[in-house]
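K.L.:
What follows is a protein structure lacking sequence information:
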């Protein structure tokens, strides 16, 4: 297809070399990609490789250390107790919040797909948690779960949902993890919601009409029309959200930072803990690099799972 | 040498008076040779001061600009006074002084980053044993410490342990923040507790009385609170005869029957009515006390001072008590701060001169006065600081200074003890044992974590 | 927007349907709104409560009895909040610009041009998502140190594009793919160079997508925390998220009033931007999700 254009543009008139280069797709393609590759190469690819190197050294702050092979990984996997806690917490945190975000997001989308007054305002309002800087809204939640002055508890007690004074959110591991999950779900659900809404709105209505005529009830319509046609949206949202939640640093760091006694750390915050206050850069790098293969496996898994029955 | 101590610090005058002494001692002819000898004798020694001053006092360079990094003081008025004194120094010597303040737990990250990038403030406030962590980046200040020792007496043992790295002073002692128990006299007497408990056993009994009387409990954090966790659980450990490591700084000794005894005390105390909060950070016990939720807690003087100065709710019914003793003695822990001059500073002498100015007795006493007893001076001369007698209720904060030890005691402060402290290994051990009653696994985990630190790869 | 309910109009009495609507639609939506917006309400209310009200639960904490502006005064006059706002804005604007520049070009190249390696590079850019900031922050600290950029806004401006570009590129590939080839083809036939076709036809047509990508990038940049926490240690160099979390817990006091005031004000610029361009936001999210 493009040969025709090339011939036309090259016919007769002699053009400067740089323009001729841009004519052809290949050089132009590479040139256009140059800025991106430069940025990503310098500040992403190179640090990644450097991180790999750091993780096999005993590097500490102001001490480049020396090569120690798998020493750091050995330490983390075999000796460092909180590492495994943070490892499993990361899975738990991602898994539970994904389920809730998915369900609530889908419900939200189904609701928003109806007609009702102030629709635009409602839609805009429901997206707000996702827009506002995470750290700032997490601080509000931290205050809402405060050990002494939790408003969540105050409301729950006054609604007779729990006995006074209400759960000590950050005082126990399960309640603290629950708090983390609540905040993450609150924050991430709108992303699922809006994406699903857009997906819903691309489904032709006649499909539903035809199904209704054929005798399918709402639930069957949902199962056999809505869900399958939402699959591509589902896939993308799930992929992105899983990656981001797995690597989440902000919510766990601001809300609990591991409290109580290192039981609510996730891989991101544990890596930070070793690397920055602890000064053990090589060790911190090794903890955070555990994310990479795990992420790759999960993503591959999600892709396979959702691509299969096509 | 009386005139040296009474007048405000003036490096120019210092040098002149020293020259007079040398002359009077007949050394003026050999003055040039004598000074290095004096420096060699005076620097780096431990213990008390002598009649001889040691070496030259640092002289500020006019037109210099220096930065000092330190924490945000828990008593705001103290920071105001600190900045005022720095500005006063600046005006007097034609120096620009910028004071940067960040929260205590951010200080280590910032210090680490500065050391890493080999640039940053000229003076950094070193908390706990950081001079040992960063000793390569800190300038040798043995000369200055020697001068201060000769004027102000011996250095408090904890500051000394922190400032002296391998026999060389890498930081100048600055201050101690004593921690003691602040308690509600009205609630305690209501419950039948007539005097502040002297031992941990009595403490547990008193906490139980509070519970029996259905009154606000004794409460403390056992979480990752920068101050209140360390100052509570280390003394509990030590006073039962337990330690993290031996004095050699290598052998981990946490797995012992003494540790188990300490944990048993904690578990029983909690069963009886002592409330521990693993999620509390430093501000939480303050918050709870001011909100009338608790009746006693271990803290710096900020709770009592704020009641007295700001809130006026419970100041008349609050008093302060010394940390109780255990079967193996009375041990306390306080927050310790010192000032290090960093090796990348282009104005080392000016920086040193500023610190000397701040440590001048008159200036320092003004500071402790405004801090209201929140700070204690780290030299023997400050032992009878009038701030302790101004308000008799502050006596407990004076009394806890002498018995103070440091994280990792009896080992010398080191990178490893600092890491153990930063990871809250001792607090975590108590927290877990209290939470699930499993003493064995808590001790074993603390032991393996400590062993990992004291023998980590590289 | 006709929905399934239309088909049932003739089947049930009005009151039933109304009640049904309330149960099925209005009440759930109200619940969603309540839960979504309560934290913002709480932020606002807290920022206007005086210290005595903040720590007194004998009255309802849900309302303010005697509002005060003292926290806002402290925020503006005793902290470096204004500096942080300026820093955050500068970083967001410049890094978004850089990222858009790179992604527009890259999006066009990958979405429109055919050349060897295009697919591989496309996947490569997607793969960068597997290397999130959590993985890179420690080695990046060394890179930033070697470039002497600690406490310099450029440390952020240069590193933020690493997570902004992949998303924007991916978004724009979709947009560029959606522009009919014929439009450019006809221009090329008329003698325009490929570069001109790109600049004069493709890019203008992709403007809605570019705007969406820009909105997104701005929001993501404003939201970033970890890199800023590591690279910016001087108080004057910090961005809002870092400044608020590191400087407002002063030792023995939580300054909840100031914290919430700062959280509120720190959210406003993005919220405003969002409220004006919400359609572009939604379009961006959905284009990425649906077309990608």
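P.N.:
That came through, no problem. The structure presented is a predicted model; accordingly, all values stated were derived computationally and were not measured.

K.L.:
who in chain B is up against chain A?
P.N.:
Contacts of chain B with chain A, taken as Cβ under 8 Å from any Cβ of the partner chain, map to B:105, B:108-109, B:112, B:115-116, B:118, B:133-134, B:136-137, B:222-224, B:277-280, B:284, B:287-288, B:291, B:293, B:419, B:422-424, B:427-428, B:431-432, B:435, B:445, B:448-449, B:452, B:456-458. In this view, the C-beta of every residue, glycine as well, is placed from N, C-alpha and C.

K.L.:
And the closest residue to residue B:413 other than its chain neighbours, how close does it get to residue B:401?
P.N.:
On the basis of Cβ to Cβ, 6 or more residues apart in numbering or on different chains, the spatially nearest residue to residue B:413 that is not a chain neighbour turns out to be residue B:129, at 3.1 Å. Residue B:129 is 18 Å from residue B:401, where distance means Cβ to Cβ, to the nearest Å.

K.L.:
try residue B:148
P.N.:
When residue B:148 is compared with residue B:401 (using Cβ to Cβ), they lie 17 Å apart.

K.L.:
Kindly report the same for residue A:225.
P.N.:
For residue A:225, the distance to residue B:401 equals 76 Å [Cβ to Cβ].

K.L.:
Look at the two and report which has more neighbours.
P.N.:
Between residue A:225 and residue B:401, residue B:401 has the larger neighbour count (other Cβ atoms under 10 Å in any protein chain shown), namely 22 against 17.

K.L.:
Mind telling me what element that one is part of?
P.N.:
Following DSSP states H and E, the helix or strand that holds residue B:401 is helix B:395-402.

K.L.:
Just checking: what are the partner strands of the helix or strand following that helix?
P.N.:
Sequence-wise, the next helix or strand downstream of helix B:395-402 (DSSP H and E) is strand B:404-405. Under the criterion DSSP bridges, strand B:404-405 sits next to strand B:332-333 (parallel) in its sheet.

K.L.:
Could you check how far the partner strand is from the centre of its chain?
P.N.:
For strand B:332-333, the gap between its own C-alpha mean and the chain's C-alpha mean amounts to 9 Å (Cα atoms, centre = their mean, to the nearest Å).

K.L.:
Could you do stretch C:216-230 as well?
P.N.:
Its chain's C-alpha centre and that of stretch C:216-230 lie 8 Å apart, by Cα atoms, centre = their mean.

K.L.:
which of the residues in that stretch are buried?
P.N.:
Of the residues in stretch C:216-230, those buried by neighbour count under the rule 16 or more other Cβ atoms under 10 Å in any protein chain shown are C:216-230.

K.L.:
and if you look at stretch C:76-84?
P.N.:
The neighbour-count criterion (16+ other Cβ under 10 Å) identifies C:79-81, C:83-84 as the buried residues of stretch C:76-84.

K.L.:
Break chain B into its domains for me.
P.N.:
Listed domain ranges for chain B are B:2-177+B:335-390, B:180-333+B:406-454 (source: automatic domain parsing).

K.L.:
just those: most buried one?
P.N.:
Taking mean count of other Cβ atoms under 10 Å in any protein chain shown as the contact definition, the stretch among those with the greatest mean neighbour count is domain B:180-333+B:406-454, which reaches a mean of 21.

K.L.:
where are the low-confidence patches of the chain?
P.N.:
Let's take chain A. In the predicted model, chain A carries pLDDT under 70 at residues A:1-24, A:62, A:306-310.

K.L.:
My question was about chain C, not that one.
P.N.:
Across chain C, the stretches falling below the confidence threshold (pLDDT under 70) are C:1-12, C:15-16, C:250-251, C:283-292.

K.L.:
and it, which residues reach chain B?
P.N.:
Within chain C, the positions near chain B by Cβ under 8 Å from any Cβ are C:55-56, C:141, C:145, C:148, C:150, C:230, C:233-235, C:246-247, C:249-254.

K.L.:
Ok, the stretch 101-250 of chain A next?
P.N.:
Where the stretch 101-250 of chain A comes near chain B, counting by Cβ under 8 Å from any Cβ, the residues are A:147-149, A:168-172, A:176.

K.L.:
now do 6 Å
P.N.:
In this structure, the stretch 101-250 of chain A approaches chain B at residues A:147-148, A:170-171, judged by Cβ under 6 Å from any Cβ of the partner chain.

K.L.:
Kindly indicate the member of the residues you listed with the most neighbours.
P.N.:
Using other Cβ under 10 Å as the neighbour criterion, residue A:170 leads these with 28 neighbours.

K.L.:
Am I right that it sits in a strand?
P.N.:
No - with the criterion set as DSSP: H, G, I helix; E, B strand; the rest coil, the secondary structure at residue A:170 is coil rather than a strand.

K.L.:
For it, list the residues it contacts.
P.N.:
Contact partners of residue A:170, counting by Cβ atoms under 6 Å, 6 or more residues apart in numbering or on different chains, are A:176, A:256, A:259, B:279.
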